[in-house]
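Asker: using only what follows, build the 3D model:
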Amino acid sequence: MVKHFVFKEKVKQEMWVHQMELFERRGMDVYMRMPINFAQAALGSELSIPTLDGNVKFTIGEGTQTGTTFRLQGKGIPSLRNKKQRGDQYVEVYVEVPKNLTAKQKDLLREFADGTVE
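Answerer: Purely as a prediction, here's the structure:
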């Protein structure tokens, strides 16, 4: 007598986030911090932001402050239950201060701080 056993296998889908150091997952949303320089923050700029699907272009406005968070709708983790649903990506920008300025750059920044730049 031969007995046949049928085992139900549970299929687990796991999504590995590429470059894990860039992203933090919270549910279906992903978060990241992105450095910008002083000129980009003050004047506004078009940034190339890494996402799970590759880079996207995003424009930040003039006067963007450190800690400002932007939302990229639909760029987060896809839902396993509903293929049409997807989380968002949140990008927090911070101004990266240069460490090795030339003498001319230092003079220009001092003039800017004094309000004497013409």
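
Asker: mean confidence (pLDDT) on the longest helix anywhere in the chain, please.
Answerer: Secondary structure of the chain per DSSP state H: the longest helix is helix 103-114. The average pLDDT for helix 103-114 rounds to 91.

Asker: what packs against that helix?
Answerer: Using 3 or more CB pairs under 8 Å, 6 or more residues apart in numbering; DSSP states H and E, no helix or strand is in contact with helix 103-114. For the C-beta atoms, the positions are set from N, CA and C on the backbone; glycine is no exception.

Asker: for it, the distance to its chain's centre please.
Answerer: 31 Å (CA atoms, centre = their mean, to the nearest Å).

Asker: and stretch 62-76, by the same measure?
Answerer: From the chain centre to the centre of stretch 62-76 is a distance of 8 Å (CA atoms, centre = their mean).

Asker: same question, stretch 102-115
Answerer: The answer for stretch 102-115 is 31 Å, by CA atoms, centre = their mean.

Asker: one step back: could you dump the longest helix of the chain to PDB, C-alpha only?
Answerer: Extracted in PDB, the C-alpha atoms of helix 103-114 (Å, rounded to 0.1, in the frame of the first residue of the first chain):
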ATOM      1  CA  ALA A 103      40.900  81.200  -0.100                       C
ATOM      2  CA  LYS A 104      38.700  82.700  -2.900                       C
ATOM      3  CA  GLN A 105      35.700  80.600  -1.800                       C
ATOM      4  CA  LYS A 106      36.200  81.700   1.800                       C
ATOM      5  CA  ASP A 107      36.400  85.300   0.800                       C
ATOM      6  CA  LEU A 108      33.200  85.100  -1.300                       C
ATOM      7  CA  LEU A 109      31.400  83.400   1.600                       C
ATOM      8  CA  ARG A 110      32.500  86.100   4.000                       C
ATOM      9  CA  GLU A 111      31.300  88.800   1.600                       C
ATOM     10  CA  PHE A 112      28.000  87.000   1.300                       C
ATOM     11  CA  ALA A 113      27.700  86.700   5.100                       C
ATOM     12  CA  ASP A 114      28.400  90.500   5.400                       C
END
